[in-house]
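>>> sequence? don't have it. structure:
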């Protein structure tokens with residue numbers, strides 16, 4: 001059964017950095033568009049960044065452009081989200097998601113595979 005497992009979340013002060021990882025099993029990331037979403041407490045899930053299939057061209061939400069970088073390592077079947085210059089409004093549960101042959105859609109309904117999420121908290 002396909003599985004995505006996020007890690008790397010935590011508590012960090014504003015201006016700090018974190019790197020999230022999303023390890024895939026029974027699912028080859030080379031065949032998927034993959035994205036990161038986040039969900040602040042009490043709010044809807046929102047697109048953060050994604051890599052479209054097949055060329056891994058990256059796209060980002062305006063709020064994270066220039067601060068976050070999305071990448072993947074096909075040898076490790078893992079995707080990453082490097083988050084720099086974090087702000088309190090980056091706080092939320094971060095999820096990775098995968099869509100077969102996907103184009104890194106910003107609408108969560110396109111994704112069939114989701115991780116369980118990892119909490120990121122940025123203090124001011």
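Structure received. In this text the structure is predicted, and so the values were computed from the model without any measurement.
>>> hey, let's count contacts and neighbours off CA atoms from now on
Will do.
>>> Okay, buried residues for stretch 21-41 please.
Of all the residues in stretch 21-41, those buried under the rule 16 or more other C-alpha atoms under 10 Å are 21-24, 27, 29-30, 32-40.
>>> Kindly apply the preceding question to stretch 63-72 instead.
In stretch 63-72, residues buried by neighbour count (16+ other C-alpha under 10 Å) are 64, 68-72.
>>> Residue 112: neighbour count?
Applying the criterion other C-alpha atoms under 10 Å, we find 10 residues in the vicinity of residue 112.
>>> so how far is residue 105 from it?
In this structure, residue 112 and residue 105 are separated by 12 Å, where distance is defined by C-alpha to C-alpha, to the nearest Å.
>>> rewinding a little: so which two of the buried residues of stretch 21-41 are the farthest from each other?
Across the buried residues of stretch 21-41, the two members that end up farthest from each other (C-alpha to C-alpha) are 30 and 40, 29.2 Å apart.
>>> So which of the buried residues of stretch 21-41 belong to strands?
21-24, 32-39 (DSSP state E).
>>> could you redo the residues you listed as JSON lines and give each row distance to residue 87?
As requested, those are arranged in JSON lines below (distance: C-alpha to C-alpha, whole Å):
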{"residue": "21", "distance to residue 87": "19"}
{"residue": "22", "distance to residue 87": "22"}
{"residue": "23", "distance to residue 87": "25"}
{"residue": "24", "distance to residue 87": "28"}
{"residue": "32", "distance to residue 87": "30"}
{"residue": "33", "distance to residue 87": "27"}
{"residue": "34", "distance to residue 87": "24"}
{"residue": "35", "distance to residue 87": "20"}
{"residue": "36", "distance to residue 87": "17"}
{"residue": "37", "distance to residue 87": "16"}
{"residue": "38", "distance to residue 87": "14"}
{"residue": "39", "distance to residue 87": "15"}
